[in-house]
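Chemist: Sequence first, then the predicted structure:
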Amino acid sequence: MISVGWVLGVVVLAILGLYLRGLIGRLDRLHLRVEAAREALNVQLLRRATLVGELASSGWLDPASSLLLADATTGAQHALEEERPQAESALTQSLRSVLDEPEVIDSMAQTTRGKQLLCDLAEACSRVVLARNFANEAVRQTSQVRERWLVKALRLAGHAPMPIGFEMDDAPAPGLAQFAGSAT
């Protein structure tokens, strides 16, 4: 005859096994979410850099501003992974300094092509902000689960590296944000 202690032990082990299976599945999904969010951020950063490069070569800017944006764009596109946030921040700051002049935006807004470029650039900048927020939220949630004592004790994260947030200056140029608000 099977004793009650054995049955209880098997039930407890089964419940613990199901809990651990769910925790491992959640951790795996969170890691996949971090990767997907990081890839979406990379796509948005590339789109923004492409549009800034187009602005730099458009002819609407003075040569010094064009060179500043072109250098910042090249730096952001060719930065190593660990240098990427600083390079993207430098691109943001360069864009802000160039588009801080209201006459630049006004002269571009006089033409259809310039207006479209400004609208696309404003949208790309806002998408960068959203994508970075989503990526950092995914990193935060994954880190929270990985900090649980059971996950650490049983090494449920395996050999996956701890995800790192993407911290950069992504505040849009005030003039560009105003243009985008008035254009819609």
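Modeler: Good, I have the coordinates.
Chemist: contacts, neighbours, all on C-alpha from now
Modeler: OK.
Chemist: which of the residues in stretch 60-79 are buried?
Modeler: Buried positions in stretch 60-79, judged by neighbour count with 16 or more other C-alpha atoms under 10 Å: 61, 65-66, 68-73, 75-77.
Chemist: Redo these as CSV? Include distance to H159.
Modeler: Output for the buried residues of stretch 60-79, formatted as CSV (distance: C-alpha to C-alpha, whole Å):
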residue, distance to H159
L61, 49
S65, 46
S66, 45
L68, 42
L69, 40
A70, 39
D71, 38
A72, 35
T73, 35
G75, 32
A76, 30
Q77, 29
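Chemist: Tell me the one of these nearest G165?
Modeler: A76 (17.4 Å; C-alpha to C-alpha).
Chemist: tell me the pLDDT at A109?
Modeler: For A109, the model assigns a pLDDT of 87.
Chemist: I'd guessed it sits against K115; true?
Modeler: Yes. Taking contacts as C-alpha atoms under 8 Å, A109 lies within contact range of K115: 4.5 Å.
Chemist: neighbouring contacts of stretch 164-173?
Modeler: Contacts to stretch 164-173, defined as C-alpha atoms under 8 Å, 6 or more residues apart in numbering, come from residues 85-86, 88-90, 92-93, 95-97, 99-100, 122, 125-126, 128-129, 132, 135-136, 139-140.
Chemist: What subset of those residues is buried?
Modeler: The buried subset of the contacts of stretch 164-173 (16+ other C-alpha under 10 Å) comprises 85-86, 88-90, 92-93, 95-96, 99, 122, 125-126, 128-129, 132, 135-136, 139-140.
Chemist: Among those residues, which ones are in helices?
Modeler: Secondary structure from DSSP state H places 85-86, 88-90, 92-93, 95-96, 122, 125-126, 128-129, 132, 135-136, 139-140 of the buried ones among the contacts of stretch 164-173 in helices.
Chemist: Pull the distance from the strand or helix carrying S143 to the chain's centre.
Modeler: If you go by DSSP states H and E, S143 is part of helix 112-146. Remark: helix 112-146 is offset 6 Å from the chain centroid, using C-alpha atoms, centre = their mean, to the nearest Å.
Chemist: quick one: the residue positioned nearest the centre of the chain and I164, what's the gap?
Modeler: Closest residue to the average C-alpha location of the chain: R132 at 2.7 Å, with C-alpha atoms, centre = their mean. From R132 across to I164, the span is 12 Å (C-alpha to C-alpha, to the nearest Å).
Chemist: per-residue pLDDT, the residue nearest to the centre of the chain?
Modeler: If you check R132, the pLDDT there is 97.
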